[in-house]
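# Okay, sequence plus prediction incoming.
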There are 2 protein chains.
Amino acid sequence: MNTIPIYRDGVAHPQAQVCASCEVRGSALFGALDDATLDRIHAHIDDVAVPADGAIFGQGEPGAAVFTVRSGIVRFERATSRGDRRIVRLAGRGDLIGQEVLMKRPYADDAVACTEVQLCRIPRHLVDELGNSDSMLLRELMLRLQHALDDAEAWVAELAMGPARRRVLRLLDKLSEHADASGSVWLPRREEIGAMLDMTVETASRLISQLRREGVLARDGQRAARLDRAALRRAMEAQDLQ
Amino acid sequence: MNTIPIYRDGVAHPQAQVCASCEVRGSALFGALDDATLDRIHAHIDDVAVPADGAIFGQGEPGAAVFTVRSGIVRFERATSRGDRRIVRLAGRGDLIGQEVLMKRPYADDAVACTEVQLCRIPRHLVDELGNSDSMLLRELMLRLQHALDDAEAWVAELAMGPARRRVLRLLDKLSEHADASGSVWLPRREEIGAMLDMTVETASRLISQLRREGVLARDGQRAARLDRAALRRAMEAQDLQ
DNA sequence: CGAGCCGTTGAGGGGATTCAAGCTCAGTGG
DNA sequence: CCACTGAGCTTGAATCCCCTCAACGGCTCG
């Protein structure tokens, strides 16, 4: 845990040292708080690193903390009634995850790191206490919840319908929002694509290969790709208008 | 608008007269408020009836009110990038809809009445004012948002995957939660089933007919059905274990 | 080097779509 | 009263997309 914590700089606490330089601050949950309050809470916030495929929390666990994603991509999985696992949503930089524990509920899904992930761990009691005095924080929480709901509905409308090729194109478009500084995009394993888009690994593989041949996609390391945004857009439009 | 208003009885305001007998009160948003506060707000709450297929609000509208569903079923529709419409979620008795306007956002989806719907219309400013003084209300709002998010994720995991027959069975199961007092279940038009489950009207029709022949489903009026819960359960299990 | 995982590609079958034709039923007007 | 109409539902036949089953290649690791 020798990485940079989040939220705010300050002389009061060593962990607050590098927060001013944190790029997520402002877009993150505690961006709504005033500076005095921020100084008080640094001591309680840990930053956590989770390796790719590592569990962040598990469905049903009581849980005592929420997290802000500082970097990387997190997926939410649910066991379906059929027994297999389906990925129902992704979260990335700046997103709040695990907020259901603030309502004294267990985590609703399994949260798993897709890439290596940097998180800020915020204890539940901290938000509870602040929430009693500061309704701005509650409003900020609601905004984040609404954002998650939007994401989930957009997932239904865009990633869970139409032919397999369309769904893969939409997924690539979504993943391109999470591209890193160099423009490299995380590319899920074929099995993960299957769990996101409800298709077999073979179909996922065929479509990714096909898109590579069409120049929409190029290899960029083991689990990353380089996207031609223009070609992607053209492919999506061609797909959608018939 | 001669139907029963919601939330609370009281001598102070005529519209408060029948609220104590309202069955949704307690499970509805303002159930969290104390009695004194409830008395103050009755004057601002209207109850609204919307006929089947009537619009409640439209995606993108600024909007000045949230609604609590007192009876009936509401669907949320989104225009997809392909140009057609997909139903992304359902809301029923006790659910809060349109809560995005509380965050000064336009409505995220079209909300359309599936059946005839009874709503309580709650002006935005009312929640804003109360929210400043009473953080319990904000917590209650968050609970409702979380519930909506759960629904949306469950939709992805249960209604948007697997073969068509499985999806139809899951939909019937979900609809049975909204059965009316007599045990009659609202049955969507085939086109609506298509928009919910991403299938053609022909496929929806074939499957509904097949389930009728199997005795899972029986006609009960024009747009309603009677379900054999046991047969439905058996069909779902048979479906899932192969 | 063999084992195992992941990705790729092929062949065949099955389920959903497409295209097409009737059917039921409520509403309309002669 | 009843033919006429149109919207929604049902059913059939042909096509196609995706799944299933199978084999193989590249890569990492013990």
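Structure received. Numbering: from 1, shown residues only, chains lettered A, B, ... in the order given.
# Please list the residues of chain A that sit near DNA strand C.
A:R189, A:R190, A:E191, A:V201, A:E202, A:S205, A:R206, A:I208, A:S209, A:R212, A:R223 (C-beta under 7 Å from any atom of the strand). For every residue, glycine as well, the C-beta is placed using N, CA and C.
# now those residues: which count as buried?
Taking 16 or more other C-beta atoms under 10 Å in any protein chain shown as the criterion, what is buried in the residues of chain A next to DNA strand C is A:R190, A:R206, A:I208.
# So which of these belong to helices?
If you go by DSSP state H, these have A:R190, A:R206, A:I208 in helices.
# and which of those residues is nearest to DNA strand C?
Distance to DNA strand C, by C-beta to the nearest atom of the strand, is smallest for A:R190 among those, at 3.6 Å.
# and the residue nearest in space to the middle of chain A, what does it touch?
Central residue of chain A (C-alpha atoms, centre = their mean): A:A91, 1.6 Å from the mean position. A:A91 makes contacts with A:V69, A:I73, A:V74, A:R75, A:F76, A:I97, A:A111, A:A148, A:D151, as judged by C-beta atoms under 8 Å, 6 or more residues apart in numbering or on different chains.
# Not counting its neighbours along the chain, what's nearest it?
Nearest residue to A:A91 in three dimensions, chain neighbours excluded: A:V74, at 4.5 Å (C-beta to C-beta, 6 or more residues apart in numbering or on different chains).
# For the one you found, give its distance to B:E116.
For A:V74, the distance to B:E116 (C-beta to C-beta, to the nearest Å) stands at 42 Å.
# Next: A:A64.
Taking C-beta to C-beta, one finds A:A64 at 45 Å from B:E116.
# More neighbours: which of those two?
Neighbour totals were compared for A:A64 and B:E116, and B:E116 leads with 14 against 11 (other C-beta atoms under 10 Å in any protein chain shown).
# my read: the more buried one touches B:A52, true?
Yes - using C-beta atoms under 8 Å, B:E116 is in contact with B:A52, at 5.4 Å.
# Which neighbours do the two have in common?
Going by C-beta under 8 Å, 6+ apart, no residue sits against B:E116 while also sitting against B:A52.
# Would you mind giving both backbone torsions of the residue nearest to A:A91?
phi -110, psi 140 (degrees, to the nearest 10).
# Around it, how many other residues sit close by?
Around A:V74 there are 22 residues (other C-beta under 10 Å).
# Okay, and the beta partners of it?
With DSSP bridges as the criterion, A:V74 is bridged to A:A91, A:A113.
# so who does it touch?
Applying C-beta under 8 Å, 6+ apart, the residues near A:V74 are A:I56, A:L90, A:A91, A:G92, A:D95, A:I97, A:A111, A:V112, A:A113, A:C114, A:V117.
# what residues are up against A:E116?
A:A49, A:V50, A:P51, A:A52, A:G72.
# where does chain A dip in pLDDT?
Applying pLDDT under 70 to chain A flags residues A:1-27, A:32, A:242.
# Mind jotting down where the helices sit in it?
For chain A, the helices defined by DSSP H cover A:35-41, A:124-133, A:135-154, A:164-176, A:190-197, A:201-213, A:229-240.
# any idea how far the closest residue in space to A:L232 that isn't next to it in sequence lies from A:W186?
In space, and not counting its chain neighbours, A:L232 is closest to A:V216: 5.3 Å by C-beta to C-beta, 6+ apart. Note on A:V216: its distance to A:W186, by C-beta to C-beta, is 16 Å.
# ok, these two, which is more surrounded?
A:V216 (23 against 20).
# which ones are touching that one?
A:L169, A:L172, A:L227, A:D228, A:A231, A:L232, A:A235.
# Now restrict the residues you listed to buried residues only.
A:L169, A:L172, A:L227, A:L232, A:A235.
# Just the closest of those to chain B, please.
Nearest to chain B out of these is A:L169 (C-beta to the nearest C-beta; 10.1 Å).
# Check the contact between the closest one and A:R234; I expect there is one.
No - taking C-beta under 8 Å as the definition, A:L169 is not a contact partner of A:R234, at 10.2 Å.
# quick check, nearest of the buried ones among the residues of chain A next to DNA strand C to chain B?
A:R190 (16.9 Å).
# Look up how far A:D151 lies from A:E158.
From A:E158 to A:D151 the distance is 10 Å (C-beta to C-beta).
# Those two: who's more crowded?
Neighbours per residue (other C-beta under 10 Å) separate A:E158 from A:D151, with A:E158 holding more: 22 against 19.
# and that one, what does it touch?
A:E158 touches A:R170, A:K174, B:T80, B:S81, counting by C-beta under 8 Å, 6+ apart.
# What is the neighbour count of the nearest residue to the last one once chain neighbours are set aside?
Once its chain neighbours are removed from consideration, B:S81 has its nearest residue in A:D240; the separation is 5.8 Å (C-beta to C-beta, 6+ apart). Neighbours of A:D240 under the rule other C-beta under 10 Å: 16.
# How much space separates the residue of chain A found nearest DNA strand C from A:A238?
Nearest residue of chain A to DNA strand C: A:S209, at 3.1 Å (C-beta to the nearest atom of the strand). Going from A:S209 to A:A238 by C-beta to C-beta gives 18 Å.
# Could you do A:A195 as well?
Distance from A:A195 to A:A238, by C-beta to C-beta: 27 Å.
# So for those two, which residue has more residues nearby?
Neighbours per residue (other C-beta under 10 Å) separate A:A195 from A:A238, with A:A195 holding more: 21 against 10.
# Pretty sure that one sits against A:R85.
Yes - at 5.9 Å, A:A195 and A:R85 qualify as touching, with contact defined as C-beta under 8 Å.
# Mutual contacts of these two, please.
By the contact definition C-beta under 8 Å, 6+ apart, A:A195 and A:R85 are jointly contacted by A:E77.
# and chain A, what are its domains?
Domain assignment of chain A by automatic domain parsing yields the ranges A:14-137, A:161-240.
# For B:E129, find the nearest of the ones you listed.
The closest of those to B:E129 is domain A:14-137. By C-beta to C-beta, the value is 11.7 Å.
# how far out from the middle of the chain is that closest one?
In terms of C-alpha atoms, centre = their mean, to the nearest Å, the centre of domain A:14-137 is found 10 Å from the chain centre.
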